[in-house]
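K.L.:
I need the structure of the sequence given here:
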Amino acid sequence: MEELPPGFRFYPTEEELVSFYLHHQLQGTRQDLHHVIPVVDIYELEPCHLPSVAGEMCRGDTEQWFFFAPRQEREARGGRPNRTAGSGYWKATGSPSYVYNASGRVIGVKRTMVFYTGKAPAGRKTKWKMNEYRAILQGARHDDSAASSSSSQPPVPKIYVVSGTFGAFDRRPLEDVTMMGEAQPQPQQQQVPSAIAEMEMDVDADDHDLELPFFDWPEEFDWP
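P.N.:
Numbers count the residues shown, from 1 in each chain. Below is the predicted model of the structure:
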């Protein structure tokens, strides 16, 4: 891929991350996306080593890097994901939030995590932070019988945005800027589908002070 001139940055909106990049990764329709967002098991590496395996479009960035990562096998079986990585672990912070499309419809969910060195719950907080994005699939339904045999099903990838600077995410483009100044649509009132059961709403043992959100999921997800 041709080297970009200085000043260019890969700063997609959250809607673009979910509706374009994650959608095409799920469908397997755009292999060239791996030049931008490679497939990496982020839990196999120290956070400081992730920039060196970032996509060609982001490798020169000094603030944030993007990765596709498959669902862990234990998570696909209905268990809690293992978030240990290198010398520490990633810990979820705050409550998960929605990602909306331009029509105000829920298309995904975002979770924020911070890296701690050492072992939980006595780890030391670091500057490393990442956002995890998961798409809501069209017609997704939860089936308890299917969960027991989910090892035969393909893992659902997610997008991770990793940063070594807390302020990096604050400089991401606002959704309303990408809409050319148009008014932001109001989120639609939606029913909770059974697919919500597939989302790990786990909270670490030392996260008892975190407030779990109330979710109003759409019954189906229609890709734009």
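
K.L.:
in the chain, which helix or strand is least confident?
P.N.:
Sorted by mean pLDDT, DSSP states H and E, the helices and strands of the chain end with helix 144-148, the least confident at a mean of 36.

K.L.:
helices along the chain, start to end?
P.N.:
Remark: helices assigned in the chain by DSSP state H are 14-16, 23-27, 73-76, 144-148, 175-178.

K.L.:
the residue lying closest to His24 once chain neighbours are set aside and Tyr21, how far apart?
P.N.:
Closest residue in space to His24, ignoring its immediate chain neighbours: Arg30 at 4.0 Å, by Cβ to Cβ, 6 or more residues apart in numbering. For every residue, glycine as well, the C-beta is placed using N, CA and C. Taking Cβ to Cβ, to the nearest Å as the measure, Arg30 falls 8 Å from Tyr21.

K.L.:
compare those two (neighbour count), which wins?
P.N.:
Tyr21 (20 against 13; other Cβ atoms under 10 Å).

K.L.:
ok, now which ones touch the more buried one?
P.N.:
By Cβ atoms under 8 Å, 6 or more residues apart in numbering, the contact set of Tyr21 is 12, 33, 36-37, 66, 159.

K.L.:
Ser103: neighbour count?
P.N.:
11.

K.L.:
returning to that earlier point: my guess is the residue nearest to His24 contacts Leu22, does it?
P.N.:
No - Arg30 lies out of contact with Leu22 (Cβ atoms under 8 Å); the separation is 11.0 Å.

K.L.:
which residues of the chain fall in strands?
P.N.:
Remark: strands assigned in the chain by DSSP state E are 64-69, 84-85, 88-100, 106-117, 124-135, 158-163.

K.L.:
relative to strand 124-135, how tilted is the last one?
P.N.:
Angle, strand 158-163 to strand 124-135, by axes from the mean of the first three to the mean of the last three Cα atoms, to 10 degrees: 150 degrees.

K.L.:
show me what strand 158-163 is packed against.
P.N.:
Other helices and strands packing on strand 158-163, by 3 or more Cβ pairs under 8 Å, 6 or more residues apart in numbering; DSSP states H and E, are strand 64-69, strand 124-135.

K.L.:
got a pLDDT number for Arg124?
P.N.:
According to the prediction, Arg124 has pLDDT 96.

K.L.:
got the contact list for it?
P.N.:
So Arg124 contacts 88, 116-118 (Cβ under 8 Å, 6+ apart).

K.L.:
using a markdown table, lay out those residues together with pLDDT.
P.N.:
Formatted as a markdown table, the contacts of Arg124 follow (pLDDT from 0 to 100):
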| residue | pLDDT |
| --- | --- |
| Gly88 | 96 |
| Tyr116 | 97 |
| Thr117 | 97 |
| Gly118 | 96 |
